[in-house]
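# What would the 3D arrangement of this be:
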Amino acid sequence: MYQATHTAVAQDVVRSMQAEASAPAISLTGAQQNELLRALSREELIALFEHLELVPLAAGKHLFDFGDKMEYAYFPTNAIVSLQFVTEDGGAAEIGVVGREGVVGVSMYETERANCSAVVHCAGYGYRIKASVLRSAFFDGGALARQLMRHTSALFAQLAQTVAGARHGSIEQRLCRWLLERLDRSLSNELKVTQEMIANMLGVRRESITCCAGKLQEEGMIEYRRGTVVVLDRSAMERRAGGCYVPA
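Below is the predicted model:
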């Protein structure tokens, strides 16, 4: 029942956004799937709407990489974006994750360069806006500026939590946090992930993730099959994650 309900919701979201993309009249339904945009007044969202472009976000797509000039910002609706720090030898570690609660690629200065890479982890849709337009709207003040500052603060808190978890949390706790962060931003309890992907993002050996995932499955918290993790007992996972996880 849980899976069927959330699948139906996900389908409704996609249909509403696709309809909006082809509809000549202003409909804010799709844009309001992003919680930051939904927090704006109707008047503010209408003023911003003409600059928003609905775009598909395919899994694995790089929205920008470290050092890039950020031409666009993205407001995900049902996509999930991983913020990653890439080392000189090509290794990557996840430092944050953004979904429908926020925005990716905010640039407060024209000469600002990206300090991380943004890679789409879960495919979906999002609204794209030119960085220059968003920057201008921010300096105009109002609710949008306040929401962007709140989101930036939340991202910093998420980064601090990630660093603390890497230093003091067990691999099992970090795995639970990683899954829960995506569950917070997903429309279902099913996550399309691989053990290799998780290991790379957490900076640990794949065998360690295999062992921890097997234990969580034995205890009935998740069901794991190739490329898919289904969360069965969220409450138990939150307790297992402990201080490593704070709900988004």
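
# Low-confidence stretches in the chain?
Applying pLDDT under 70 to the chain flags residues 1-26, 248.

# Outline the domain layout of the protein.
For the chain, the structural domains run 2-163, 170-244, going by automatic domain parsing.

# what would those look like in a markdown table with mean neighbour count?
C-beta: built from backbone N, CA, C; applies to glycine. What follows is these, written out as a markdown table (neighbours: other CB atoms under 10 Å):
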| stretch | mean neighbour count |
| --- | --- |
| domain 2-163 | 17 |
| domain 170-244 | 17 |
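
# sec struct for the residue lying closest to Gly142 once chain neighbours are set aside, please.
Leaving aside its sequence neighbours, Gly142 sits nearest to Glu44 (CB to CB, 6 or more residues apart in numbering; 6.4 Å). Secondary structure, DSSP: H, G, I helix; E, B strand; the rest coil: Glu44 is helix.

# can you give me the strands in this protein?
53-57, 62-64, 72-76, 80-86, 92-98, 117-122, 124-130, 190-191, 222-225, 228-231 (DSSP state E).

# right, so of the ones you listed, which gets closest to Gln173?
Closest to Gln173 of the strands of the chain, according to CB to CB: strand 222-225, at 14.4 Å.

# Keeping just the C-alphas, turn that closest one into PDB.
C-alpha atoms of strand 222-225 as PDB (Å, rounded to 0.1, in the frame of the first residue of the first chain):
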ATOM      1  CA  ILE A 222      15.700  -2.600   4.400                       C
ATOM      2  CA  GLU A 223      15.200  -4.900   1.500                       C
ATOM      3  CA  TYR A 224      18.200  -4.900  -0.800                       C
ATOM      4  CA  ARG A 225      18.300  -6.200  -4.400                       C
END
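
# Mind giving me the packing neighbours of that strand?
helix 206-218, strand 228-231 (3 or more CB pairs under 8 Å, 6 or more residues apart in numbering; DSSP states H and E).

# Just the C-alphas of the first one, formatted as PDB.
The C-alpha coordinates for helix 206-218 follow below in PDB (Å, rounded to 0.1, in the frame of the first residue of the first chain):
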ATOM      1  CA  ARG A 206      32.500  -1.700  -0.900                       C
ATOM      2  CA  GLU A 207      32.800  -4.800   1.300                       C
ATOM      3  CA  SER A 208      32.100  -2.700   4.300                       C
ATOM      4  CA  ILE A 209      28.800  -1.500   2.700                       C
ATOM      5  CA  THR A 210      27.900  -5.000   1.700                       C
ATOM      6  CA  CYS A 211      28.400  -6.200   5.300                       C
ATOM      7  CA  CYS A 212      26.400  -3.300   6.800                       C
ATOM      8  CA  ALA A 213      23.600  -3.500   4.200                       C
ATOM      9  CA  GLY A 214      23.300  -7.200   4.900                       C
ATOM     10  CA  LYS A 215      22.900  -6.600   8.600                       C
ATOM     11  CA  LEU A 216      20.200  -4.000   8.100                       C
ATOM     12  CA  GLN A 217      18.400  -6.400   5.800                       C
ATOM     13  CA  GLU A 218      18.600  -9.200   8.300                       C
END
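
# quick one: the helices in this protein?
Here the chain has its helices, by DSSP state H, at 2-22, 35-38, 42-49, 131-139, 143-168, 171-184, 195-202, 206-218, 234-241.

# In contact with the closest residue to Glu181 other than its chain neighbours, which residues?
In this structure, Glu181 finds its nearest non-sequential neighbour in Val97, 5.2 Å apart by CB to CB, 6+ apart. Shown in contact with Val97 (CB atoms under 8 Å, 6 or more residues apart in numbering): 80-83, 121, 158, 181-182, 185.
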